[in-house]
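1. no sequence for this one, just the structure:
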């Protein structure tokens, strides 16, 4: 284990001490998680959930979302923002999955080799490494590490990745640093750290549970 990997594990352990073992909402089926994550792009969790619930209320099945008039889908998901982009994107993904698989059941991804499953998901427009990793990790219990804006910012600030590394490059990089069994908790606790302490504009370093492991904090003294 490299020194950086050891440091990542220490970060994970300190966040567990500070925040405890995190639990996200109940896992969604993979097709539900895929749609939910597309809705989450460039918005917050509350607006994502409002849009997702509106879809489920207005359309009894994902097949009915796929086959609906686009204006009806767009109207349902307006709370998520960018509805004119996300509506067609969701319908296109649902149609392309149906064309390839014959249905919208994504449970087969649980049995594919991890990288094959990741590549399969990412071939659809609008499904990047974060969206694919969320589906794999949270719906299918596969060892994938999603990197959102909070995790990208925090890991760069504390020194777990090079500052010049892109978000896309950060996914495989962080998957190598953290042991697979830590992905779920480390992902959620790093997000919590970013939201509550390690803010984008003014990090609250004195309250940070990992300040002794951080490259940024000494510079602020």
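-> Looks like it came in fine. As the structure is a prediction and not an experimental result, all values here were calculated from the model.

2. Residue 181 versus residue 98, what's the distance?
-> 35 Å (C-beta to C-beta, to the nearest Å). In this view, the C-beta of every residue, glycine as well, is placed from N, C-alpha and C.

3. quick one, domains of the chain?
-> Following automatic domain parsing, one finds the domains of the chain at 3-23+146-220, 30-139.

4. I'd like those domains as CSV, with mean pLDDT appended.
-> Output for the domains of the chain, formatted as CSV (pLDDT from 0 to 100):
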stretch, mean pLDDT
domain 3-23+146-220, 92
domain 30-139, 95
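
5. any chance of the ones you listed in CSV, plus mean neighbour count?
-> Output for the domains of the chain, formatted as CSV (neighbours: other C-beta atoms under 10 Å):
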stretch, mean neighbour count
domain 3-23+146-220, 17
domain 30-139, 17
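
6. quick check: longest helix of the protein.
-> Taking DSSP state H as the criterion, the chain has its longest helix at helix 83-101.

7. List of residues touching it?
-> Applying C-beta atoms under 8 Å, 6 or more residues apart in numbering, the contact partners of helix 83-101 are 31, 34-35, 38-39, 41, 51, 62-63, 65-66, 68, 70, 73-75, 77, 80, 104, 106, 108, 124-127.

8. Downstream of that helix, the next helix or strand is which one?
-> Next along the chain after helix 83-101, taking DSSP states H and E as the criterion, comes helix 114-122.

9. Residues touching that following helix, excluding its own?
-> Here helix 114-122 makes contact (C-beta under 8 Å, 6+ apart) with 34, 109-110, 112, 127-129, 131-133, 135-136, 140, 142-144.
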